[in-house]
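S.K.: quick one, fold the following:
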Amino acid sequence: MFINRFLIERPPLPAMALTTDTSVITSIGNDSDFSDIFYKQIRALGIKGDVAIGLSTSGNSLNVIKAFQIAKEMGLKTVGITGKNGGKIAKIVDYSLNVASDSTPRIQEVHITIGHTICEMVDYLLFPPING
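M.R.: Model prediction:
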């Protein structure tokens, strides 16, 4: 929602989802390990000052943990969006947004709302309305 508009017309913002390139994901998963699928992409593409946002219903997804570890080493800001008690991810990220529930469907529904809220905040903080 950063490259294209969310709620307002605005210039595109640089962003990428590390979950969409199936060639990269299957290559890393087959040649290395599934736990490296996000780590290797951040290592290749991340730049100091970028923001890495990761979601994990349990807060303990190894592929997301490894991605946050390399992101922090490289100087990226990290935002973990988790469920249950936040798991290991809540302890390693710069900002933890935890949905304190054990219900997977409820956690994931709130994660969608958090994502939309972040997009809306970015729109209005970076591109405030001219007339209030």
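S.K.: most centrally placed residue in the chain?
M.R.: For the chain, the residue lying nearest the average C-alpha position, counting by Cα atoms, centre = their mean, turns out to be Ile53 (2.1 Å).
S.K.: what sits against that one?
M.R.: Contact partners of Ile53, counting by Cβ atoms under 8 Å, 6 or more residues apart in numbering, are 78-79, 81, 118. Just so you know, the C-beta spots here come from the backbone N, C-alpha and C atoms, and that holds for glycine as well.
S.K.: strands - which of these land there?
M.R.: The strands, defined by DSSP state E, take in 78-79, 81 from the contacts of Ile53.
S.K.: ok, and the most crowded of these?
M.R.: Of all the ones in strands among the contacts of Ile53, the highest neighbour tally under other Cβ atoms under 10 Å goes to Ile81, namely 25 neighbours.
S.K.: gap between whichever helix in the chain runs longest and the chain center?
M.R.: Secondary structure of the chain read by DSSP state H shows that its longest helix is helix 104-126. Remark: helix 104-126 is offset 11 Å from the chain centroid, using Cα atoms, centre = their mean, to the nearest Å.
S.K.: now do it, average pLDDT.
M.R.: pLDDT averaged over helix 104-126 equals 96, rounded to a whole number.
S.K.: elements contacting that helix?
M.R.: In this structure, helix 104-126 packs against strand 77-83, strand 95-99, with contacts taken as 3 or more Cβ pairs under 8 Å, 6 or more residues apart in numbering; DSSP states H and E.
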